[in-house]
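In: no sequence for this one, just the structure:
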């Protein structure tokens, strides 16, 4: 099992992820870690329908993903791990999943008050999570689609 890429993107599975990031990361498994989506059969079904040929999609709560990764549930998989926001990412890391770098797409939650980049806004709680990820030594790269410029979010959150 190899996690080839971790991406935080509020939309989780959509065209850019399916067409761009799944290919760039050579993923044969898109693994979604989100408590709300894991409990919603309709959202799960919609996301499963977006699977590109040759790529499996599995959706679990953050805790279930940690358990399954710890158990090496997908020994032959190359995984694109998707999370909706930085709070889930902190939970994942605090539960023992090793992360060096995370790729970030659009993150704009309801009630956002803090604009970090054109693509990323945050609530005060999310800003705390972004700062925690930075302090954990995780490189946070904002990149809309493969091949475009990268903004290092660590530099921004360190100034706030």
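Out: Here it is on my side, so go on. What you see is a predicted model; the values in this text were computed from it and never measured.

In: so how far is the least confident helix or strand in the chain by mean pLDDT from its chain's centroid?
Out: Least confident helix or strand, the chain: helix 15 with a mean of 79, by mean pLDDT, DSSP states H and E. Counting by Cα atoms, centre = their mean, to the nearest Å, helix 15 is centred 15 Å from the centre of its parent chain.

In: got it, and stretch 122-140?
Out: 13 Å.

In: now stretch 76-96
Out: Here stretch 76-96 is found 6 Å from its chain centre; the criterion is Cα atoms, centre = their mean.

In: try stretch 138-145
Out: Relative to its chain's centre, stretch 138-145 lies at 10 Å (Cα atoms, centre = their mean).

In: so what touches it?
Out: Contacts to stretch 138-145, defined as Cβ atoms under 8 Å, 6 or more residues apart in numbering, come from residues 16, 20, 93, 99-106, 117, 119-120, 130, 133-134, 149-154, 157. Just so you know, the C-beta spots here come from the backbone N, C-alpha and C atoms, and that holds for glycine as well.

In: out of those, which end up buried?
Out: 16, 20, 93, 99, 102-106, 119-120, 130, 133-134, 151, 153-154, 157 (16 or more other Cβ atoms under 10 Å).

In: neighbours of residue 51, just the number please.
Out: For residue 51, the count of nearby residues is 15 (other Cβ atoms under 10 Å).

In: list the contacts for it?
Out: Per Cβ under 8 Å, 6+ apart, neighbours of residue 51: 18, 30, 57.

In: ok, now residue 60?
Out: Residue 60 touches 31-33, 38, 68, counting by Cβ under 8 Å, 6+ apart.

In: quick check: bridge partners of it?
Out: residue 33 (DSSP bridges).

In: how much space between it and residue 142?
Out: Going from residue 60 to residue 142 by Cβ to Cβ, to the nearest Å gives 25 Å.

In: same check on residue 64?
Out: Residue 64 is 27 Å from residue 142, where distance means Cβ to Cβ.

In: these two: who's more crowded?
Out: residue 142 (23 against 15).

In: how about that one, phi and psi?
Out: With angles defined as degrees, to the nearest 10, residue 142 sits at phi -90, psi 120.
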